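Chemist: predicted coordinates and the sequence they were generated for:
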Amino acid sequence: MVSDKHLFYVSGPTHLTSIDWKNSDHQRSVAASLIQGVKVIELDRQEKREGSEALAPPWWEFFHFKLLRPLVDDARCGSIFGAIYEFKPPHAPPLSSFGTKHSLLEDENSPHYVIAFRGTLTTYDLVSRDLNLSLKLIKNGLHKTSRFKTAMQAIQATVGEAGDSSSVWLAGHSMGSVLAMLAGKTMAKDGILLKSFLFNQPFVFVAPMERIKQENIKLGIRFARSVFTAGLAKAVNPTWSEHEDPFFGLYEWVPSVFVNQGDDFCSGYIGYFEHRKKMVEIGAGGIERLATQNSIGSLLRYAIGKETEPPMHLIPCAKLTVNLTPSRNFKEAHGIRQWWLENQHLQSETYRYR
């Protein structure tokens, strides 16, 4: 049975009959819709829906995008985890049946290409594969997976084809957001800054800190953790220098990160950035700088001589948007649909730290 949430003209942002590419709300809604398109492509594949029976095309065709190609996992799995879209605006905006112009004409703010990655699917044949990637995230090993290598090859080829990295967008939801973030960080370290939309990006330290109501208790816990992490960083590597800074090369990349305050998987980013701001205000910015660049787990692995990589979920800068609209349950708080709905209570702030 087909779910309404997979039908664009039932659940999608059909109110966006005119796109203003300078409008961040419109950009967010289109990016989220293209991600949903990837999810429905995979569901179409599983259900063997093709041609006129396929449900996915309206998720991108409504905004005049063309599906260049899906991104497929290794041959053993064959699942579609991403897609490359090309923006193909009409030469003139046609009149809709309601008499309004569906204007999407390309301008300097519109993308030429969008590379989007879906989140975890819990269907029978994919649950083990997607959950295995979640474990790779926890172990900081996502960069070694075939899915990430396929994503990077697609991104590098698309940027090469575009010739201008400013016209290439990345977008991802949940585990797809992790792929997009890691790819964005990798490209940024090579001096290529891609506009990125990261929805419900899991924060690996999954402790529902935002549910603690007493601000003094939250501040105390975070302060103690910062001091411990910074101290551990100095203890395991007393000669730490700027060239060993895991954020080196990332300070000019400012991805758009979208989280819901009721989503314990991603709400850690709220405290992560707010706490750094408070630490700077009280004169403890140096401590927090070290603390936010490292995770306790990666430091302990380094201390015992194990190979370690910079924590993939940590970044120095972001435009953080928090959805403060009450959610009925976790599934709703973690879902992609909230990011194209109208009348959401959103709060945004840009954080830049060095």
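Modeler: Done, it's in.

Chemist: list the buried ones in stretch 63-78?
Modeler: 63-65, 67, 70-73, 77 (16 or more other Cβ atoms under 10 Å). Every residue, glycine included, has its C-beta placed from N, CA and C.

Chemist: got TSV for those residues, with secondary structure, pLDDT and distance to residue 84 too?
Modeler: TSV is the format used below for these (DSSP: H, G, I helix; E, B strand; the rest coil; pLDDT from 0 to 100; distance: Cβ to Cβ, whole Å):
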residue	secondary structure	pLDDT	distance to residue 84
63	coil	96	15
64	coil	95	15
65	strand	97	10
67	strand	98	8
70	strand	97	8
71	strand	96	7
72	strand	94	12
73	coil	87	15
77	coil	72	19
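
Chemist: please report the distance of the nearest residue to residue 29 once chain neighbours are set aside from residue 325.
Modeler: The spatial neighbour of residue 29 that comes closest, neighbours along the chain excluded (Cβ to Cβ, 6 or more residues apart in numbering), is residue 340 at 4.0 Å. Distance of residue 340 to residue 325, given as Cβ to Cβ, to the nearest Å: 13 Å.

Chemist: likewise residue 185?
Modeler: In this structure, residue 185 and residue 325 are 29 Å apart, going by Cβ to Cβ.

Chemist: list the contacts for residue 166?
Modeler: 193, 195 (Cβ atoms under 8 Å, 6 or more residues apart in numbering).

Chemist: so it lies in a strand, does it not?
Modeler: No - assessed with DSSP: H, G, I helix; E, B strand; the rest coil, residue 166 is helix; it does not lie in a strand.

Chemist: do you know the pLDDT at it?
Modeler: We have a pLDDT of 92 for residue 166.

Chemist: sketch out the low-pLDDT regions of the stretch 101-250 of the chain for me.
Modeler: Residue ranges of the stretch 101-250 of the chain with pLDDT under 70: 101-106, 123-142, 204-244.

Chemist: all helices for it, in order.
Modeler: 127-138, 146-162, 175-189, 215-236 (DSSP state H, counting those that start in this stretch).

Chemist: and the biggest helix by length in the chain, what does it pack against?
Modeler: As assigned by DSSP state H, the longest helix anywhere in the chain is helix 24-47. Using 3 or more Cβ pairs under 8 Å, 6 or more residues apart in numbering; DSSP states H and E, the elements in contact with helix 24-47 are helix 58-61, strand 65-72, strand 80-87, strand 113-117, strand 168-173, strand 195-199, strand 256-260.

Chemist: can you list the buried residues in that helix?
Modeler: Using 16+ other Cβ under 10 Å as the test for burial, helix 24-47 gives 26-45.

Chemist: angle of that helix against strand 195-199?
Modeler: Interaxial angle, helix 24-47 versus strand 195-199 (axes from the mean of the first three to the mean of the last three Cα atoms, to 10 degrees): 70 degrees.

Chemist: got the CA positions of helix 24-47 in PDB?
Modeler: Once non-C-alpha atoms are left out, helix 24-47 reads as follows in PDB (Å, rounded to 0.1, in the frame of the first residue of the first chain):
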ATOM      1  CA  SER A  24      16.600  30.600   2.500                       C
ATOM      2  CA  ASP A  25      13.200  29.000   3.300                       C
ATOM      3  CA  HIS A  26      12.700  28.200  -0.300                       C
ATOM      4  CA  GLN A  27      16.200  26.800  -0.700                       C
ATOM      5  CA  ARG A  28      15.600  24.600   2.400                       C
ATOM      6  CA  SER A  29      12.300  23.300   1.100                       C
ATOM      7  CA  VAL A  30      13.700  22.400  -2.300                       C
ATOM      8  CA  ALA A  31      16.700  20.700  -0.800                       C
ATOM      9  CA  ALA A  32      14.500  18.600   1.500                       C
ATOM     10  CA  SER A  33      12.200  17.700  -1.400                       C
ATOM     11  CA  LEU A  34      15.100  16.400  -3.500                       C
ATOM     12  CA  ILE A  35      16.200  14.300  -0.600                       C
ATOM     13  CA  GLN A  36      12.700  12.800  -0.300                       C
ATOM     14  CA  GLY A  37      13.000  12.100  -4.000                       C
ATOM     15  CA  VAL A  38      16.000   9.900  -3.400                       C
ATOM     16  CA  LYS A  39      14.100   7.900  -0.700                       C
ATOM     17  CA  VAL A  40      11.100   7.400  -3.000                       C
ATOM     18  CA  ILE A  41      13.400   6.400  -5.900                       C
ATOM     19  CA  GLU A  42      14.700   3.500  -3.700                       C
ATOM     20  CA  LEU A  43      11.200   2.600  -2.700                       C
ATOM     21  CA  ASP A  44      10.100   2.600  -6.300                       C
ATOM     22  CA  ARG A  45      13.000   0.200  -7.000                       C
ATOM     23  CA  GLN A  46      12.000  -2.100  -4.200                       C
ATOM     24  CA  GLU A  47       8.300  -2.200  -5.300                       C
END
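
Chemist: okay, the angle between that helix and helix 175-189?
Modeler: Here helix 24-47 runs at an angle of 120 degrees relative to helix 175-189 (the same axes, to 10 degrees).

Chemist: ok, residue 32 - contacts?
Modeler: Neighbours of residue 32 in contact, by Cβ under 8 Å, 6+ apart: 171, 173, 197, 199, 336-337, 339-340.

Chemist: hmm, which two among the buried residues of stretch 63-78 are most spread apart?
Modeler: For the buried residues of stretch 63-78, the maximum inter-member distance is 31.4 Å, found between 64 and 77 (Cβ to Cβ).
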